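Q: For reference, the sequence and a predicted model appear below.
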Amino acid sequence: MTVSRTSRLLDSDRVFGVATVMATILLLVTFVLIPLWAILKNSFVTPDGSIGFGNFVHYFADARFVTIVGNTFEVGISVTLATLALAYGFAYAVQRTTMPFRNVLRIVALLPVFSPSLVQALGLQFLLGRNGFVNRTFGTEIDIYGFWGIFISDLVYAFPHAFLILSTALAVADARLYESADSLGAGAWRIFRTVTLPATRYGLASAAFVVFTIVITDFGNAVVIGGNYSVLAVEIYNQVSGQANFSMGAVIGVLLLLPAALAVIGEKWIARRQFASLTSQSIPLVVQPNRARDAAWFVYSVVVALAILSLVAIVIYASFVRLWPYNLSFSLRHYQFDVQNGIQPLWTSIYVALVTAVLSIFFVTGAAYANHAFPMRASRILYFLAILPAAVPGMVLGLGYILAFNTPGQPVYWIYDTILIIALCNVYHYHAQGFLLATTNIKQISSTFDEASATLGATKLRTVWRVTLPMIWPTVLAVGVFFFMRAMVTLSAVIFLITPSTQLAAVSVLYLDDRGALNQAAAFAVCIMATVVAFLIITQLALRLVGVRGVSLVR
């Protein structure tokens, strides 16, 4: 290769690298930073147009608002503690016992991931509501609306997220520690306290931060079953959608943003301090059968799984009865969707989810590749912006899109009131998770491939197309599937962006429930879950048909 050709190659690679990094940063600034700036700016604009803390002073002077803030943290802290306890036990049973049906129980634990958050609240209404199965069957008068309704539904909603983290933490261990403890005469409880629990403390901390963020920003469950027990996520919806009070909505958005951001920062700090459970000298722990232990944990796991399954199963059941709870005869009438817009919201949701998946493949994996392949000063900015959405609640980002882009003359005003703005909101709402997934897999590719390609005279662009993509395409597909799934079930991020022509299925479930059409709400929810599961199965089968195994599409 001549010197001049080498120089041209380096110049073209430099141009390609700078262009890729800057284009990615521009997208992140446009669809993450600008909406956040719009939220912050509007929170300080008082009704008379002046700038100051007037909105914050006015809100915190209201005793009702102080109560709502207290309610939010009461739910957040209590659900986090309960979820950690239940999920830790379930993860321990799956990873540290030889009980039967572990894979089946694992799938049941992940069921809430496949449905909108309000499905848990909808299931509670069918089970424990005023006309619920329990009250009508046993003549009780359980009032599930309020704190306990939000507590139970959010616990079930957050459970799979905590389970996945804690299951990973418990998946590996050094057998030498357990052998030493056993030889010293330590009992099972003491071994758990002194060996198992300390080894998983970072996983516990990470799960705590993740669950707390999910719970305090959840909108669907709280609005369906919260009753008069209001939380910040519901209040921001009431202020914006009910009263068109965007300034107060922005104030609440800032208040939701702060604890979520602190939780994400705490989780990242904990992750950096985590040490490897296994070293080169370690002996991986092999769990041995123990009939009494396995039986006890199996009973515990079945009880937890049945509690989760019951909320999903009763929603499915209610969708097939004529009129809950008065006429329980089998009927398909609710799947005729003889309501406003009919079945169109479901097709719109599928379309939005597909657009979201395609955009995520280009934007999210593109951001991960740019950050990895072109180390430069701007790449640090790119990384920060790429993971920033993890600290931004969906409702806050959605409100930011209204405040930032709903002004004629804005460069991106043309996407307002379209499918595209909803898809972009989904992409950047879940950008951090997809970015980290793609980055992790791209880093596993040895740099020798790039070096060999460059030696043969290929540009970076050609190397990406001919070498990198063929090696990471299962990961790229997994990113797209993840975004499809989240776009189908998300509610909070898009609740402010939908219009009559772009209404989504998850929003239809909310509206039908609000109208008291519980059976039709259940039918829409079942269609959403069936669509997500069918898409996962089809994609997984497609991977197997082309010989790709070991790639998990559930994240």
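A: That came through, no problem.
Q: Name the residues of the host helix or strand of Ile350 that are buried.
A: For Ile350, the host element (DSSP states H and E) is helix 344-373. Residues of helix 344-373 classed as buried by neighbour count (16 or more other Cβ atoms under 10 Å): 345-346, 348-357, 359-361, 363-373. In this view, the C-beta of every residue, glycine as well, is placed from N, C-alpha and C.
Q: Where do the helices of the stretch 101-250 of the chain begin and end?
A: For the stretch 101-250 of the chain, helices defined by DSSP state H, counting those that start in this stretch occupy the ranges 102-109, 118-128, 133-138, 147-170, 175-183, 188-191, 197-199, 201-217, 220-225, 232-237, 246-273.
Q: I'd like those laid out as JSON lines, including distance to Asn290, mean neighbour count and mean pLDDT.
A: Formatted as JSON lines, the helices of the stretch 101-250 of the chain follow (distance: least, Cβ to Cβ, whole Å; neighbours: other Cβ atoms under 10 Å; pLDDT from 0 to 100):
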{"stretch": "helix 102-109", "distance to Asn290": "15", "mean neighbour count": "16", "mean pLDDT": "93"}
{"stretch": "helix 118-128", "distance to Asn290": "34", "mean neighbour count": "27", "mean pLDDT": "93"}
{"stretch": "helix 133-138", "distance to Asn290": "36", "mean neighbour count": "14", "mean pLDDT": "88"}
{"stretch": "helix 147-170", "distance to Asn290": "16", "mean neighbour count": "24", "mean pLDDT": "93"}
{"stretch": "helix 175-183", "distance to Asn290": "13", "mean neighbour count": "14", "mean pLDDT": "76"}
{"stretch": "helix 188-191", "distance to Asn290": "9", "mean neighbour count": "12", "mean pLDDT": "82"}
{"stretch": "helix 197-199", "distance to Asn290": "19", "mean neighbour count": "13", "mean pLDDT": "83"}
{"stretch": "helix 201-217", "distance to Asn290": "23", "mean neighbour count": "23", "mean pLDDT": "87"}
{"stretch": "helix 220-225", "distance to Asn290": "38", "mean neighbour count": "28", "mean pLDDT": "91"}
{"stretch": "helix 232-237", "distance to Asn290": "44", "mean neighbour count": "25", "mean pLDDT": "89"}
{"stretch": "helix 246-273", "distance to Asn290": "32", "mean neighbour count": "19", "mean pLDDT": "78"}
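Q: Ile142 touches Leu128, doesn't it?
A: Yes. Assessed by Cβ atoms under 8 Å, Ile142 is found in contact with Leu128 at 5.1 Å.
Q: For those two, list the residues in contact with both.
A: Val134, Asn135 (Cβ atoms under 8 Å, 6 or more residues apart in numbering).
Q: Using CSV, write out the CA atom coordinates for stretch 183-202.
A: C-alpha atoms of stretch 183-202 as CSV (Å, rounded to 0.1, in the frame of the first residue of the first chain):
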residue,chain,number,x,y,z
SER,A,183,-15.9,-27.4,57.4
LEU,A,184,-16.0,-24.8,60.2
GLY,A,185,-19.4,-26.0,61.3
ALA,A,186,-21.5,-23.1,60.1
GLY,A,187,-25.1,-23.8,59.6
ALA,A,188,-27.2,-23.0,56.5
TRP,A,189,-28.5,-19.7,57.9
ARG,A,190,-25.0,-18.5,59.0
ILE,A,191,-23.6,-19.4,55.6
PHE,A,192,-26.3,-17.4,53.9
ARG,A,193,-25.6,-14.4,56.2
THR,A,194,-21.8,-14.5,56.0
VAL,A,195,-21.2,-15.8,52.5
THR,A,196,-24.1,-15.6,50.1
LEU,A,197,-25.6,-12.3,51.1
PRO,A,198,-22.3,-10.3,51.1
ALA,A,199,-21.4,-11.7,47.7
THR,A,200,-24.7,-10.4,46.3
ARG,A,201,-24.8,-7.0,48.0
TYR,A,202,-24.0,-5.1,44.8
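Q: Kindly state the pLDDT recorded for Phe73?
A: If you check Phe73, the pLDDT there is 93.
Q: quick one: it from Val240, how far?
A: 22 Å (Cβ to Cβ, to the nearest Å).
Q: Mind checking which of those two has more residues around it?
A: Neighbour comparison, Phe73 and Val240: the larger count goes to Val240, with 23 against 15 (by other Cβ atoms under 10 Å).
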